[in-house]
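In: Provided below for reference: sequence and predicted model.
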Amino acid sequence: MSTPLKPGQGPLEYARRPWIIILFGLVLIFLYAPIASLIVFSFNVDKSGVWHGFTFMNYVKAWHNEAIFAALTNSITIAILSTVFSTIFGAMTALTLWRFKFPFKNIYEGFVALPIVVPEICMGISLAMFFNYTGMMAGVRDWIWPFNLINIVFAHIAFCFPFVAVVVRARLQGFNRQLEEASKDLGATELQTFTNVLVPFMAPSLVAGGLLAFTLSLDDFVITLFSSGPGSVTFPVKIYGMVKRGVDMQINAASTVLIVITLAATLIAMKLQAPSKTGH
Amino acid sequence: MVFFIIPMAFLFVLSFSSKAIVNGETSTTAYDYFNTFGNYIASAGTSYLVLLWRAIWTSAIATFVCLILAYPLAMAVCFAAPKWRPILLLLLILPFWINLLIRTYALYSIFRSTGVVNQTVGLIGLGPYEMLNNTTAVIMGLVYVYLPFMVLPLYSTIEKLDRSYLEASLDLGASQARTFWSVTWPLTLPGVITGIILVYIPCLGTFLTSDILGGPNNWTIGNAIQNQFLEANNWPFGAALSFILLYATFIALVIRALVAGRSKGVDA
């Protein structure tokens, strides 16, 4: 008779091996401790690494710091604008790729996916060169807000829309073409079919893709740094400038706000992206 | 739709064109297109080779550390009870959604000489240690930032792995180690390669991590590109440097495609 196996000793129960559990725990601490300490210290009274008491002052100061506030407003404006446009363009790209067969389709697909694989710094400088070359960098600088942000919005649309396209395309793979035929058989026009059948089907992926674009745009630092002119500073670029000048608890406070916004958007997107039981 | 190919193509052509050298010192805005390899020759100068070499090997170490950390973690998630799987996976990849800059700053602020870690070891009479501004700090920062990129592809391949292969191998008397090296590892190789590329490419191009955590002595090619663009104002040279990076990326992608095509494993 063989000896009975203890829990965690089964040949395939890798998840219950003690060393794996310990490693998992350590990695989670490594991943979350810095962020947790960042959030905790945003409530600290002074900027030392020692806890000296709880306060909301850093948030109040950051809110009244005009530069930070303007940067945050810029970031959110850019994120909203580029989300709207990249969702539209991304969805149209996905529909085209899914619906039609045309020559060089593979090459086109490759081009659409290009911004996802190209290193950010390369994309950033190519956009910077493009804006400078076409005079958009200097030309846009004196326009009234929010039009002076238009370069950054273009840049963000360019790198966000492929992600939307990928998400929407994945959803469309599960679409039952017979629904479309049924709709047309019943006398609906092409447009009616599109708005009443296809769009409701795509809706979850549109929201998920849009939120993805929103977080990407809000978070982007590298591309924005290169494509922004001197007058238009976004939040990550502002933080970078402040970090270079030293530690300040206002950065912690402002970062915490940004973390909360992005995580909320991400969690909603994930909920929506989870495979639904209907629609297939 | 065509509206997006044109700017992309235009950009593509433009970034190729501006590889040429500026007209002596006469002009800061006009460029001669396609006339020289001078930028590439200049970038082969020793100081830039040092930066490139540093980028290559720090990224390699960081990628390796990510791999040996992420593999057991991905295994653990795949073999956990089904109801725990999404939560564990989410825990591992959630930091990916937090701003890169904020995460790097968070690392910086706990490891700086008056940060939490030094204060803590100070309580038992040690330190303060200088933990930043060295290569280890850069590698740690890279691992911290890019670990989720390694976990995801590994998870998706290991999840698709047919477990009966593992059972068969173990039943036939192979040890756990033997099973891992002859069955699990070869079958998950495409995921491993995808992960390596997903981590290695951004590591190569990084300039934030090396800038904030490493200081000027640990600059890599990414910092050099940024410097050429934002400070030295030698755009064509910066473009040449970044195109070297881009070619490295494409070579890596081609290698991935070749290996994944040849391997019989589960593609990620």
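Out: Done, it's in.
In: And chain B, is the host helix or strand of A:P162 touching that?
Out: A:P162 is located in helix A:150-173, with elements delineated by DSSP states H and E. Yes: Helix A:150-173 comes into contact with chain B (Cβ under 8 Å from any Cβ of the partner chain), by way of A:158, A:161. Where C-beta positions appear, they are placed from N, C-alpha and C, glycine not excepted.
In: is any part of stretch B:248-255 close to chain A?
Out: Yes: residues of stretch B:248-255 contacting chain A under Cβ under 8 Å from any Cβ: B:249, B:253.
In: average pLDDT across that stretch?
Out: Stretch B:248-255 shows an average pLDDT of 76 in the prediction.
In: B:D211: neighbour count?
Out: Number of residues near B:D211 (other Cβ atoms under 10 Å in any protein chain shown) recorded here: 22.
In: cool, A:T195 as well?
Out: The criterion is other Cβ under 10 Å. On that basis, A:T195 has 12 neighbouring residues.
In: Ok, B:L246 next?
Out: 21.
In: buried ones in the helix holding A:P162?
Out: With burial defined by 16 or more other Cβ atoms under 10 Å in any protein chain shown, the residues of helix A:150-173 counted as buried are A:150-169, A:171-172.
In: Would you enumerate the residues in contact with A:I268?
Out: With contacts defined as Cβ atoms under 8 Å, 6 or more residues apart in numbering or on different chains, A:I268 is in contact with A:207, A:211.
In: For B:T104, see how far away it is.
Out: Computed with Cβ to Cβ, to the nearest Å, the distance linking A:I268 and B:T104 is 26 Å.
In: next structured bit after the helix holding A:P162?
Out: In the C-terminal direction, the helix or strand that comes right after helix A:150-173 (DSSP H and E) is helix A:177-185.
In: which secondary structure elements does the host helix or strand of B:L91 contact?
Out: Secondary-structure assignment from DSSP H and E places B:L91 in helix B:85-93. Under the contact definition 3 or more Cβ pairs under 8 Å, 6 or more residues apart in numbering or on different chains; DSSP states H and E, helix B:85-93 sits against helix A:18-41, helix B:46-78, helix B:135-160.
In: Pull out the buried positions in it.
Out: By neighbour count on 16+ other Cβ under 10 Å, the buried set for helix B:85-93 is B:85, B:88-89, B:91-93.
In: Just name the lowest-scoring one in those, pLDDT-wise.
Out: Looking at these by pLDDT, the weakest one is B:I93, with 78.
In: Do I have it right that that one meets B:P153?
Out: No: counting by Cβ atoms under 8 Å, no contact exists between B:I93 and B:P153, whose distance comes to 11.3 Å.
In: Where do the helices of chain B begin and end?
Out: B:2-17, B:38-43, B:46-78, B:85-93, B:100-111, B:116-123, B:135-160, B:163-171, B:176-179, B:185-187, B:189-205, B:208-209, B:221-230, B:235-262 (DSSP state H).
In: Now the first one: average pLDDT?
Out: This predicted structure assigns helix B:2-17 an average pLDDT of 51.
In: ok, now the second one?
Out: Per-residue pLDDT values over helix B:38-43 give a mean of 55.
In: just the buried residues of helix B:85-93 now: which is nearest chain A?
Out: Lowest distance from chain A to these (Cβ to the nearest Cβ) belongs to B:L91, with 6.1 Å.
In: Do a quick rundown of the helices in the stretch 51-200 of chain A.
Out: A:57-64, A:66-99, A:105-117, A:120-133, A:136-139, A:150-173, A:177-185, A:190-193, A:199-219 (DSSP state H, counting those that start in this stretch).
In: B:P190: how many residues sit nearby?
Out: B:P190 is flanked by 22 other residues according to other Cβ under 10 Å.
In: same question, the one 10 residues further on
Out: For B:Y200, the number of neighbouring residues by other Cβ under 10 Å comes to 24.
In: Excluding chain neighbours, give the residue nearest to it in space.
Out: Taking Cβ to Cβ, 6 or more residues apart in numbering or on different chains as the measure, B:Y200 lies nearest to B:T63, with 4.8 Å between them; neighbours along the chain are not counted.
In: pretty sure that neighbour is touching B:I197, no?
Out: No: applying Cβ under 8 Å, one finds B:T63 not in contact with B:I197, separated by 9.0 Å.
In: so which of the helices and strands packed on helix B:85-93 is the most packed in?
Out: Among those, judged by mean count of other Cβ atoms under 10 Å in any protein chain shown, the one packed with the most neighbours on average is helix B:135-160 (a mean of 23).
In: what about chain B, any weak spots by pLDDT?
Out: B:1-47, B:113-116, B:118-132, B:216-218, B:229-240, B:260-268 (pLDDT under 70).
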